[in-house]
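Asks: structural data only, the sequence is not supplied:
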């Protein structure tokens, strides 16, 4: 089953019991760009999160992003 970035972010937020507001604050601190709960929610809903943002979000939530060669 293939999940979209939107589904992955929402799943990880739920697993880690973190609200989008808290993630937005941590993302703002880490990246140095202002994120609000609303702007982050819109990015997630539209699946318009950049790869760099996705990697930082995964790291904040305690996960890593790996790219593996297809066999």
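Replies: Perfect, thanks for sending it. Everything quoted here is computed from the prediction, not taken from an experiment.

Asks: C-alpha from now on. contacts and neighbour counts both.
Replies: Will do.

Asks: and the residue nearest in space to the middle of the chain, what element?
Replies: Among the residues of the chain, residue 57 comes closest to the average C-alpha position under C-alpha atoms, centre = their mean, at 3.8 Å. Assigned by DSSP states H and E, residue 57 belongs to helix 51-60.

Asks: distance from that helix to the middle of the chain?
Replies: Offset of helix 51-60 from its chain centre (C-alpha atoms, centre = their mean, to the nearest Å): 5 Å.

Asks: same check, this time on stretch 12-27
Replies: Distance of stretch 12-27 from its chain centroid, counting by C-alpha atoms, centre = their mean, is 8 Å.

Asks: contacts for it, please.
Replies: With C-alpha atoms under 8 Å, 6 or more residues apart in numbering as the test, stretch 12-27 has contacts from 33, 35, 36, 37, 40, 41, 56, 57, 58, 60, 61.

Asks: just the buried residues of those residues.
Replies: Buried residues within the contacts of stretch 12-27, counting neighbours by 16 or more other C-alpha atoms under 10 Å: 35, 36, 40, 41, 56, 57, 58, 61.

Asks: which other helices and strands contact the helix holding residue 57?
Replies: Helices and strands touching helix 51-60, by 3 or more C-alpha pairs under 8 Å, 6 or more residues apart in numbering; DSSP states H and E, are helix 5-15, helix 20-31.

Asks: now these as CSV including distance to residue 66 and mean neighbour count?
Replies: As requested, these are exported to CSV (distance: least, C-alpha to C-alpha, whole Å; neighbours: other C-alpha atoms under 10 Å):
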stretch, distance to residue 66, mean neighbour count
helix 5-15, 14, 15
helix 20-31, 20, 16
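
Asks: which one of these lies nearest to residue 51?
Replies: Checking those against residue 51 by C-alpha to C-alpha gives helix 5-15 as the closest, at 9.4 Å.
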